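[1] Mind folding the following:
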Amino acid sequence: MQEAAESPFPASLVVKTTGKTVREVCEIFLSDPTKNRSDKAASGYWNAVELAETVLGKSKVMADIDRQCARDIVATLKWVPSNAKKRFPSLDYRQAAEKGRTGRYRLLGPKSVNDYLIKLSTLSNFAIDEGFIGRNPFRGLKVADDVHPRDKRYPFSTEQLVRIFNAPSYLTGPQFKQRVEAVIEKFNELQADLNKERTFMMRQWASSIHIWPE
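    Take a look at the predicted model:
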């Protein structure tokens with residue numbers, strides 16, 4: 001009987017993969033008692049997990065996720081409308097992307113898309129450190145932002161401004177209404193996030209000197 005070929009690498013250097021799914025890895029990652037993550041941060045990771053499960057399937061183990069799988073996730077994510085979880089709470093990411101393909105909704109911006117990819121990359125790096133997988137399929141993966149940072153200060157393009165001032169019907173049309181609602185919604189979200197972060201940091205500081213009231 002022919003003997004099995006021995007690995008050319010020392011046993012200590014051979015990476016053993018396990019059947020951990022993205023959700024299982026995330027549970028271990030977020031349960032680390034040495035890390036103090038806010039509820040918003042944890043929610044962001046769970047959203048990334050849900051995205052991966054929607055595109056790749058819930059039973060997909062991280063060891064089987066390759067670069068093409070990562071690109072499939074990007075291909076779906078770039079069509080997801082902004083605030084899709086609030087707009088379409090009953091839809092998964094694939095179904096939300098189908099809504100986005102109709103052209104009726106404002107899509108996630110590059111920063112939001114890259115935030116998802118960063119979280120999946122972070123989970124992959126953690127999985128590598130824990131010995132669950134041997135490589136990070138999301139490493140360096142991101143989408144380009146065509147808008148120069150200097151131009152992000154302007155909420156409307158020149159063409160849109162011309163339409164606003166030259167076509168009164170635009171001001172009462174659905175497109176303008178949706179844009180204004182999106183701006184207000186985003187402002188309210190940012191304000192709420194700032195208040196939560198401020199409260200969280202105050203609690204952290206106060207607990208360190210034991211003065212936070214019950």
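[2] Then Gln191 would be within a helix, right?
    Yes - Gln191: assigned to a helix according to DSSP: H, G, I helix; E, B strand; the rest coil.
[3] Quick check: pLDDT value at it.
    Note on Gln191: pLDDT of 82.
[4] How much space separates it from Glu197?
    Distance, Gln191 to Glu197, using CB to CB, to the nearest Å: 11 Å. Quick note: C-beta positions are derived from backbone N, CA and C, even for glycine.
[5] For stretch 24-36, list every residue counted as buried.
    Buried residues in stretch 24-36, counted by 16 or more other CB atoms under 10 Å: 24-26, 29-30.
[6] I should have written stretch 197-207 there, sorry.
    Here stretch 197-207 shows no buried residue, counting by 16+ other CB under 10 Å.
[7] Need the mean per-residue confidence for that stretch.
    For stretch 197-207, mean pLDDT is 74.
[8] and Thr21, what are its phi and psi?
    Backbone geometry at Thr21, expressed as degrees, to the nearest 10, gives phi -80, psi 170.
[9] shouldn't it be in contact with Lys58?
    Yes - counting by CB atoms under 8 Å, Thr21 does reach Lys58; the two are 6.9 Å apart.
[10] Mind checking which of those two has more residues around it?
    Comparing Thr21 with Lys58 by other CB atoms under 10 Å, the one with more neighbours is Thr21, at 21 against 12.
[11] got a list of what the more buried one touches?
    Going by CB atoms under 8 Å, 6 or more residues apart in numbering, Thr21 touches 58-62.
[12] For it, list each beta-bridge partner.
    Note on Thr21: beta-bridge partners by DSSP bridges are Val61.
[13] what bits of this protein have low per-residue confidence?
    Residue ranges of the chain with pLDDT under 70: 1-18, 146-172, 176, 206-214.
[14] Domains in it, by residue range?
    Split into domains by automatic domain parsing, the chain comes to 15-146, 153-214.
[15] Just name the most buried of those domains.
    Greatest average neighbour count among the domains of the chain goes to domain 15-146 (a mean of 16), per mean count of other CB atoms under 10 Å.
[16] Give me the distance between that domain and the centre of its chain.
    Using CA atoms, centre = their mean, to the nearest Å, the mean C-alpha position of domain 15-146 is found 6 Å from that of the whole chain.
[17] Surely Leu120 and Ala52 touch.
    Yes - applying CB under 8 Å, one finds Leu120 in contact with Ala52, separated by 6.4 Å.
[18] hey, what's in contact with both of the two?
    Common neighbours of Leu120 and Ala52, using CB under 8 Å, 6+ apart, are 22, 73.
[19] Just the ones of the buried residues of stretch 24-36 in strands?
    Assigned to strands by DSSP state E, none of those qualify.
[20] between those residues, which is nearest Val113?
    Cys26 (19.0 Å; CB to CB).
[21] Give the closest residue to the closest one in space, chain neighbours not counted.
    Val49 (4.9 Å; CB to CB, 6 or more residues apart in numbering).
[22] list the helices and strands the strand or helix carrying Gln68 packs on?
    Per DSSP states H and E: Gln68 is located in helix 67-77. Helices and strands touching helix 67-77, by 3 or more CB pairs under 8 Å, 6 or more residues apart in numbering; DSSP states H and E, are helix 39-56, helix 93-100, helix 110-129.
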